[in-house]
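[1] pasted the sequence and its predicted model underneath.
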Amino acid sequence: MRKMLAVLLLVLPLSLSKAQTAPAMPVEPTAIGIVYHLDPTTQELRPLPDEPWKEHLRQQHPFVATFIRSVEISGDRSSFRLKATEKDDFVFKTGSPEQVALYLTQQVKKKRSFDFKKEAGPDKQPIKGIPVEVSTYGERSYKLIPSAPLAPGEYAINIAGEVYTFGVDQ
């Protein structure tokens, strides 16, 4: 009986220490198509605002049948703010991670806009946004990280026909 108790006292602490050192699985989004900012301190996922937007088509040159499709977002700034010193990691679930894009928006009166597609006849080419790296996150999600730190300004992430916004402050 003493030998069994001694073995249990030896094995139990070892099994507890192994359970404590197992790497924690990242918290993944539950919804598809929503973009979250990954808080670098708490690892909490904070949803970005999904703002209403309108698509516009404009002719690039008056005598050439080349058109630019753009997105126009109401308001001059996003309600979601990051500091320029904060890490810019975004997490999402989608079936087409290669089509997710990050854009710096341009201020036009009290609206923000960005160009996303160029059309010349039947030829349609996406306009690339800011260079980013997209990698897997957890088992079924993806993480988007800008290739360089983001400068102060207003940004939009285009994912599956939805636009999520945030701003970067000094």
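    That came through, no problem.
[2] low-confidence regions, the protein specifically.
    Applying pLDDT under 70 to the chain flags the ranges 1-24.
[3] strands of that one, start to end?
    Using DSSP state E, the strands found in the chain span residues 36-38, 45-47, 53-61, 64-74, 81-83, 90-92, 101-104, 106-108, 111-120, 123-126, 132-137, 141-146, 153-159, 162-169.
[4] go through those strands and pick out the most buried.
    Among the strands of the chain, ranked by average contacts under mean count of other C-beta atoms under 10 Å, first place goes to strand 90-92 (a mean of 24). (Glycine included, C-beta is placed from N, CA and C.)
[5] just checking, what packs against that strand?
    strand 36-38, strand 141-146 (3 or more C-beta pairs under 8 Å, 6 or more residues apart in numbering; DSSP states H and E).
[6] out of the ones you listed, which comes closest to residue 58?
    Among the helices and strands packed on strand 90-92, strand 141-146 comes nearest to residue 58, with 27.3 Å by C-beta to C-beta.
[7] pull up the pairing partners for that closest one, direction included.
    According to DSSP bridges, strand 141-146 forms sheet pairs with strand 90-92 (antiparallel), strand 132-137 (antiparallel).
[8] residues in contact with the residue nearest the centre of the chain?
    By C-alpha atoms, centre = their mean, the chain has its centre lying nearest to residue 90, at 3.4 Å. Residue 90 makes contacts with 35-38, 48, 143-145, 157, as judged by C-beta atoms under 8 Å, 6 or more residues apart in numbering.
[9] with just CA atoms, put stretch 79-99 into PDB.
    C-alpha atoms of stretch 79-99 as PDB (Å, rounded to 0.1, in the frame of the first residue of the first chain):
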ATOM      1  CA  SER A  79     -15.100  54.200 -34.500                       C
ATOM      2  CA  PHE A  80     -12.500  51.500 -34.000                       C
ATOM      3  CA  ARG A  81      -9.100  53.100 -33.200                       C
ATOM      4  CA  LEU A  82      -5.600  51.700 -32.900                       C
ATOM      5  CA  LYS A  83      -2.400  53.400 -31.800                       C
ATOM      6  CA  ALA A  84       0.500  53.500 -34.300                       C
ATOM      7  CA  THR A  85       2.600  51.600 -31.800                       C
ATOM      8  CA  GLU A  86       0.000  48.800 -31.500                       C
ATOM      9  CA  LYS A  87       0.400  45.500 -33.300                       C
ATOM     10  CA  ASP A  88      -1.900  45.300 -36.400                       C
ATOM     11  CA  ASP A  89      -3.000  41.600 -36.400                       C
ATOM     12  CA  PHE A  90      -6.500  40.800 -37.700                       C
ATOM     13  CA  VAL A  91      -8.300  37.400 -37.500                       C
ATOM     14  CA  PHE A  92     -11.100  36.200 -39.700                       C
ATOM     15  CA  LYS A  93     -12.800  33.100 -41.100                       C
ATOM     16  CA  THR A  94     -13.500  32.900 -44.800                       C
ATOM     17  CA  GLY A  95     -13.500  30.400 -47.700                       C
ATOM     18  CA  SER A  96     -11.300  32.600 -49.800                       C
ATOM     19  CA  PRO A  97      -8.500  34.100 -47.700                       C
ATOM     20  CA  GLU A  98      -6.500  35.100 -50.800                       C
ATOM     21  CA  GLN A  99      -9.200  37.600 -51.700                       C
END
